[in-house]
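Q: when you get a sec, could you give me coordinates for this:
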Amino acid sequence: MMSRSSGAAVASHYEDMPLSLLLFRYLWPFWLFKDASRGDRMTRAAAYRHNRSMRIYLPGYLMKWVFSCVTTFGITAGFGSLSTAQAASTGRSLDVFAIIAAGWGIIFACSVCVLFITSYIYFYLSRNDA
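A: Coordinates of the predicted model:
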């Protein structure tokens with residue numbers, strides 16, 4: 001059980017972190033895991049046990065990335081519809097909304113990749129016993 005003073009120390013630790021590191025830890029699930037392919041057999045087994053114990057946090061990260069995928073897909077679709085509306089009204093060669101939609105589409109594709117990798121790791125660690 002954690003005492004009150006150690007809980008305050010943890011809160012103080014997070015208050016002292018830069019915003020970029022907090023965002024990284026909030027969105028990126030892979031900082032929780034250790035490399036289970038290096039070291040001797042006992043070190044690898046300990047890292048694998050650690051990874052299996054950390055898998056309980058992955059559903060929360062999956063929900064964050066599902067929300068990210070839905071949001072970026074919506075933004076991409078919104079800029080895509082603005083692009084087609086602008087292309088229908090004017091015959092300009094450079095369509096800014098299409099470029100913005102393509103950028104958000106790339107972010108969507110990266111989000112889907114992280115979502116699939118995270119779900120694979122979750123199912124792998126849930127099914128394979130050491």
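
Q: which residues sit in contact with the residue nearest to residue 65 when sequence neighbours are not counted?
A: Leaving aside its sequence neighbours, residue 65 sits nearest to residue 115 (C-beta to C-beta, 6 or more residues apart in numbering; 4.4 Å). All C-beta spots, glycine's among them, are computed from the backbone N, C-alpha and C. Contact partners of residue 115, counting by C-beta atoms under 8 Å, 6 or more residues apart in numbering, are 62, 65-66, 69.

Q: number of nearby residues for residue 77?
A: 14 (other C-beta atoms under 10 Å).

Q: which stretch of helix or strand covers it?
A: Under the criterion of DSSP states H and E, residue 77 resides in helix 58-89.

Q: can you name the next helix or strand after the helix or strand of the chain with the lowest mean pLDDT?
A: Least confident helix or strand of the chain, by mean pLDDT, DSSP states H and E, is helix 4-16 with a mean of 61. Following helix 4-16 in sequence order, the next helix or strand is helix 19-27 (DSSP H and E).

Q: buried stuff in the following helix or strand past that next one?
A: Using DSSP H and E, the helix or strand that follows helix 19-27 in sequence is helix 41-54. Within helix 41-54, the residues that count as buried by 16 or more other C-beta atoms under 10 Å are 44, 47-48, 51-52, 54.

Q: again, but for stretch 116-130
A: Judged by neighbour count using 16+ other C-beta under 10 Å, the buried positions of stretch 116-130 are 118-119, 121-122, 125.

Q: C-alpha coordinates for that stretch, PDB please?
A: This file holds the C-alpha atoms of stretch 116-130, laid out as PDB (Å, rounded to 0.1, in the frame of the first residue of the first chain):
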ATOM      1  CA  PHE A 116      -2.900  -2.800 -35.000                       C
ATOM      2  CA  ILE A 117       0.500  -3.200 -33.400                       C
ATOM      3  CA  THR A 118      -0.900  -2.500 -30.000                       C
ATOM      4  CA  SER A 119      -3.800  -4.900 -30.400                       C
ATOM      5  CA  TYR A 120      -1.400  -7.600 -31.700                       C
ATOM      6  CA  ILE A 121       0.900  -7.200 -28.600                       C
ATOM      7  CA  TYR A 122      -2.100  -7.300 -26.300                       C
ATOM      8  CA  PHE A 123      -3.500 -10.500 -27.800                       C
ATOM      9  CA  TYR A 124       0.000 -12.000 -28.000                       C
ATOM     10  CA  LEU A 125       0.800 -11.400 -24.400                       C
ATOM     11  CA  SER A 126      -2.700 -12.500 -23.300                       C
ATOM     12  CA  ARG A 127      -2.500 -15.900 -25.200                       C
ATOM     13  CA  ASN A 128       1.100 -17.000 -24.900                       C
ATOM     14  CA  ASP A 129       2.100 -18.200 -21.500                       C
ATOM     15  CA  ALA A 130       5.700 -18.300 -20.500                       C
END
